[in-house]
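*Asks:* Next comes the sequence, and after it the predicted model I'd like to discuss.
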Amino acid sequence: MVKFNIIKTTLLSATLFINLMFLGATAVAQTLSTAERIAFTAFRNGQWDIYSIGPDGSGLKQLTRDAAEYTDPAYAPDGSKLAYASRRDHNWDVYVLDLATGQETRLTDSPHYDGAPSWSPDGQFIAYESYQNGDLDVWLVDAAGSEPATNLTAESLAGDYGPAWSPDGQFIAFTSWRQPEAEPGSTPQVTNRNLFLLSLADGRLTRLTDEPTAEIEAAWHPDGNKLVFTRDDLGDVEVFTLDITNPPAAGGQAEPVTWLGRTDGPTWSPAGKTIAAVFHRWDGEMLSLTDPSQPHALPRQLTGIATMQGRLSWHAGAIDFGVSLPSLADTGLAVHLYEERLGEKNGSFAGSFNLVRLDGIEVGTPWLADSVDDSFQAWRLRLRDEVGYDFLSHLSDATRDVAAFTETSQYASWHKSGRAIDTLFDYHLNGQLAHEIVRENYNGETFWRVYLRCADQSGRCGRPVVANPWNYSERARSVIAPGQGGIEKNNLSGYYVDMTAMAREYGWDRISAYDDDEEYSWTWHFLAFEYWHYQKRFETNGRVNWYQAMLNIYPPETLERFFNWNKMQAIGDDPHLIALKGVPLPPEFRPWWALVAP
């Protein structure tokens, strides 16, 4: 049982001013008006910042603008302030921004990760998650910043995170890996993440869910009787609601809100009738609104496709702070991340005329297209500086010969265009597996998110992983879970860097695992996993075009010889795939392709 004195739960903190020079004095003065706003985090112009938008999709504004990374915005109950997590000087802490003055207060100063703030309904305190005790815990801090913080879940080593304060101020909901005590002699099971309720009056805990799935990102309905949350079922991520008075752990049912997608980060509207969430596609994210009372209605889109992360916060009358934007589109190349420098064309490799040798890279063919090599090297060096070792200096594959063909890879591979790399399958640091993969499903396809363990575990690198990694060992795939490609394993301890997210910032995307049950599937063939593959696709007129990328590397006569309709059909390539790759079609097929082309 957790017991504490809520009056003694504050933290002495320093106060500083956020860099708001881009706003100007006039813009700051205008923020005293109020409006209904939804705050979220997005990656734009090479950096993560906080933005807000109206529930009708209008009035997009940028609230922060500097090189620090921001996530998990949370409006104060009166709408005058915004709390969030931000990484400064290699350290994640919780900050509060006064939306009337632009004054920023740092609330936490632990050398370890602090994040995911949630306000008490009176605005006097903030609950947050922290790794400062060697595992994730829920902590409490005075929103004004004056006395030390209090650990609310110190009695458990299981890992507790994602606090959400109830509207009446009596409870904090959170996610935990806590499990019921196992029966003597029973086989230990992989720990699942469930929702719990902590009473602030007496410290008692109530289990809300006891599912084999993971329940995360809880947010309260304004009346305090319901929670909306995210459920992760082996990579299938959707939004659900539950009734606090009859939760699943007590025999109740969780009700689905979203279907057949990948949706997370939910929050209720101030009126409690609508749920805002982040809808994920393979090519990006968008904000969407869903009415739980209309289960057959489609979500309403608030933004275009962008890059987003973290939770949302919805307030009925927040101070309307920030700079207006027409959209979340980049305004130009993020030159502070990288700049692709194109050299003179040459004939240096296999008949090609636009490939560049990669310095400092160990792989059989250390070449990439001149149009992508600088972004790869910038990604590689930043990753090295973050994790403390040069993971991308050793690859298992890069550019392939134009004629290469195997039964376990596409003939029209992006490797042949010089725009793809394969990392090593395994990487060990001081005898310990340094990279982990997490399963994520998008529209029926399985993708893998790669995390790299930090060499420095002081808190200056990365942050804790709050998803169960995948056990893809030979034993897991062939003995424990044959035909399933492995199983989830217990949560990780320590700090990791999300390599997949960083790759995306440099334009390098993962691909889905192969999943043809009869011919080639990751569930029974290791080489079909593809968690090691990243590529930077070529687009023309907003469409991916592999054949055009090849024309930037090889002369037309080479492509006509190796990649024509008859040859590719003869080796068994699907006609739809041939057309998607941009390979010239016979005249009689072109009108039909025009009818179905994406």
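*Replies:* Arrived safely. Numbers count the residues shown, from 1 in each chain.

*Asks:* what's the offset of the biggest helix by length in the chain from the middle of its chain?
*Replies:* Identified as the longest helix of the chain according to DSSP state H is helix 373-387. Offset of helix 373-387 from its chain centre (CA atoms, centre = their mean, to the nearest Å): 19 Å.

*Asks:* can you list contacts of that helix?
*Replies:* The contact list for helix 373-387, computed with CB atoms under 8 Å, 6 or more residues apart in numbering, reads 337-341, 356, 358, 368, 390-393, 421, 452-455, 461-462, 497, 499, 502-503, 505-508, 536. Where you see a C-beta, it was placed from the backbone N, CA and C, and this is true even at glycine.

*Asks:* Can you list which of those residues are found in strands?
*Replies:* V356, L368, I421, L452, R453, V497 (DSSP state E).

*Asks:* List buried residues within the contacts of helix 373-387.
*Replies:* Among the contacts of helix 373-387, those classed as buried by 16 or more other CB atoms under 10 Å are 337-338, 340, 356, 358, 368, 391-393, 421, 452-454, 461-462, 497, 499, 502-503, 505-508, 536.

*Asks:* ranges for the helices of this protein?
*Replies:* 24-30, 373-387, 474-475, 499-505, 546-551, 556-562, 565-570, 575-580, 590-596.

*Asks:* would JSON lines of those with mean pLDDT and distance to E238 be doable?
*Replies:* What follows is the helices of the chain, written out as JSON lines (pLDDT from 0 to 100; distance: least, CB to CB, whole Å):
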{"stretch": "helix 24-30", "mean pLDDT": "36", "distance to E238": "39"}
{"stretch": "helix 373-387", "mean pLDDT": "96", "distance to E238": "31"}
{"stretch": "helix 474-475", "mean pLDDT": "94", "distance to E238": "31"}
{"stretch": "helix 499-505", "mean pLDDT": "96", "distance to E238": "21"}
{"stretch": "helix 546-551", "mean pLDDT": "92", "distance to E238": "33"}
{"stretch": "helix 556-562", "mean pLDDT": "93", "distance to E238": "43"}
{"stretch": "helix 565-570", "mean pLDDT": "92", "distance to E238": "38"}
{"stretch": "helix 575-580", "mean pLDDT": "90", "distance to E238": "28"}
{"stretch": "helix 590-596", "mean pLDDT": "83", "distance to E238": "29"}
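
*Asks:* which of those helices is buried the deepest?
*Replies:* helix 546-551 (a mean of 21; mean count of other CB atoms under 10 Å).

*Asks:* which secondary structure elements does that helix contact?
*Replies:* helix 556-562 (3 or more CB pairs under 8 Å, 6 or more residues apart in numbering; DSSP states H and E).

*Asks:* what comes into contact with the helix it packs on?
*Replies:* G351, V402, A403, Y547, M550, L551.

*Asks:* what's around the third one, how many residues?
*Replies:* Residues near A403, counting by other CB atoms under 10 Å, number 11.

*Asks:* gap between it and T71?
*Replies:* From A403 across to T71, the span is 46 Å (CB to CB, to the nearest Å).

*Asks:* do the same with the last one
*Replies:* For L551, the distance to T71 (CB to CB) stands at 40 Å.

*Asks:* got it, and the second one?
*Replies:* Here the distance between V402 and T71 works out to 43 Å (CB to CB).

*Asks:* The fourth one too?
*Replies:* From Y547 across to T71, the span is 39 Å (CB to CB).

*Asks:* how does this structure divide into domains?
*Replies:* Split into domains by automatic domain parsing, the chain comes to 6-177+194-324, 355-563.

*Asks:* ranking these by mean pLDDT, which is last?
*Replies:* For those, the bottom mean pLDDT is recorded on domain 6-177+194-324, which sits at a mean of 89.

*Asks:* partner residues bridging R543?
*Replies:* T540 (DSSP bridges).

*Asks:* Tell me how many other residues crowd it.
*Replies:* Counted by other CB under 10 Å, the residues lying close to R543 total 13.

*Asks:* any chance of the helices of the chain in a markdown table, plus distance to T241?
*Replies:* As requested, these are exported to a markdown table (distance: least, CB to CB, whole Å):
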| stretch | distance to T241 |
| --- | --- |
| helix 24-30 | 37 |
| helix 373-387 | 37 |
| helix 474-475 | 39 |
| helix 499-505 | 28 |
| helix 546-551 | 43 |
| helix 556-562 | 53 |
| helix 565-570 | 49 |
| helix 575-580 | 39 |
| helix 590-596 | 38 |
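
*Asks:* so which of these gets nearest A218?
*Replies:* Closest approach to A218 among the helices of the chain (CB to CB): helix 499-505, 23.1 Å.

*Asks:* what separates the closest one from the chain centre, distance-wise?
*Replies:* Taking mean C-alpha positions (CA atoms, centre = their mean), helix 499-505 and its chain are 9 Å apart.

*Asks:* cool, stretch 378-395 as well?
*Replies:* How far stretch 378-395 lies from its chain's middle: 20 Å, per CA atoms, centre = their mean.

*Asks:* swap in stretch 365-385?
*Replies:* 22 Å.

*Asks:* repeat for stretch 325-335
*Replies:* Taking mean C-alpha positions (CA atoms, centre = their mean), stretch 325-335 and its chain are 20 Å apart.

*Asks:* now stretch 318-326
*Replies:* Taking mean C-alpha positions (CA atoms, centre = their mean), stretch 318-326 and its chain are 25 Å apart.

*Asks:* Can you show me the CA trace of that stretch as PDB?
*Replies:* Only the C-alpha atoms of stretch 318-326 are listed here, as PDB (Å, rounded to 0.1, in the frame of the first residue of the first chain):
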ATOM      1  CA  ALA A 318      -7.100  27.400 -23.400                       C
ATOM      2  CA  ILE A 319      -5.200  30.600 -23.900                       C
ATOM      3  CA  ASP A 320      -4.800  30.800 -27.700                       C
ATOM      4  CA  PHE A 321      -1.000  30.900 -27.800                       C
ATOM      5  CA  GLY A 322       1.300  30.400 -30.700                       C
ATOM      6  CA  VAL A 323       2.000  31.300 -34.400                       C
ATOM      7  CA  SER A 324      -0.500  30.500 -37.000                       C
ATOM      8  CA  LEU A 325       0.500  28.000 -39.800                       C
ATOM      9  CA  PRO A 326      -1.200  26.900 -43.000                       C
END
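
*Asks:* Would you confirm that T446 contacts I437?
*Replies:* No: using CB atoms under 8 Å as the test, T446 is too far from I437 to be in contact (10.7 Å).

*Asks:* Please identify which of these two sits among more neighbours.
*Replies:* Neighbour count, other CB under 10 Å: between T446 and I437, T446 has more, with 23 against 19.

*Asks:* how close does the residue nearest the centre of the chain get to E285?
*Replies:* Residue closest to the average C-alpha location in the chain (CA atoms, centre = their mean): Q309, at 5.4 Å. Distance of Q309 to E285, given as CB to CB: 8 Å.

*Asks:* Same question for N225.
*Replies:* 30 Å.

*Asks:* and those two? which has more neighbours close in?
*Replies:* The residue with more neighbours, out of N225 and E285, is E285; 23 against 13, by other CB under 10 Å.

*Asks:* residues in contact with L234?
*Replies:* By CB under 8 Å, 6+ apart, the contact set of L234 is T213, R439, N441, E488.

*Asks:* Could you tell me which residues within stretch 462-479 count as buried?
*Replies:* Quick answer for stretch 462-479 (16+ other CB under 10 Å): 462-472, 476-477.
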